[in-house]
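Peer 1: here's my sequence, what's the structure:
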Amino acid sequence: AALTVRFLTRRFIGEYGDMEFIYSHNLTVDGREILLHIWDVPNSQEQAEEGSSEEKRIQWADSFVLVYSICDRASFNILPLKIQFIKAAKEGQSQEKVPIVIVGNKRDLHHQRVVSSEEGRLLALSLDCGFYEVSAAE
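Peer 2: Below you'll find the predicted structure:
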C-alpha cells in the first residue's frame, strides 16, 4: 500500500491496515493518456481468502506488480507460488506472456535486510519477471 500511495500521490505514509483498495489514476506515457486501475491487496488478506477471490483479481488484471519487503523473508518466499498461480491462470487462456514485475521494497532499511538484491534478481530471472528494488519512504 505504501508503494501504491507513493506512486499516486508522491507522499509516503508509513502505516496501513489490511484493507483492499482499487485506485484509478491518469498517466501520460509517450504523449498518450492512460487510465490505470490499481487493485491493491495486502498479502495477509490474500492468504486468508479463498482461491476464487484471488482468481477473480487475476482475471481482472492485465499486469502484476508483486511487492515484498527486503526485511521479511516470508514475504519473499511466497512469490514463486503466487507467480506460478498467476501464470497458470492468465497464460493458460492465451499464448501471451503476462507482464509481472517483482519489487523489493524498504531498500532504505539496508541494516535490517534479510533478502539480498541478488536473490531478488535471480528469482525474477528464473521466473521470467522484471525486478526492481525501491524505497517507498525515499
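Peer 1: regarding this structure, what is its longest helix?
Peer 2: Counting residues, the longest helix in the chain under DSSP state H turns out to be helix 79-91.
Peer 1: quick one: contacts of the next helix or strand along the chain from it?
Peer 2: Helices and strands here follow DSSP states H and E; after helix 79-91, the next one along the chain is strand 100-105. Strand 100-105 is contacted from outside by 2-3, 63-70, 76, 79, 83, 86-87, 115, 117, 120, 123-124, 127, 129-136, using C-beta atoms under 8 Å, 6 or more residues apart in numbering. All C-beta atoms are positioned from the backbone trio N, CA, C, and that covers glycine.
Peer 1: how about strand 100-105: buried residues?
Peer 2: Across strand 100-105, burial judged by 16 or more other C-beta atoms under 10 Å covers 100, 102, 103, 104, 105.
Peer 1: pipe the residues you listed into a markdown table and attach pLDDT and distance to residue 13 per row.
Peer 2: Output for the buried residues of strand 100-105, formatted as a markdown table (pLDDT from 0 to 100; distance: C-beta to C-beta, whole Å):
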| residue | pLDDT | distance to residue 13 |
| --- | --- | --- |
| 100 | 94 | 26 |
| 102 | 96 | 23 |
| 103 | 95 | 18 |
| 104 | 96 | 20 |
| 105 | 92 | 14 |
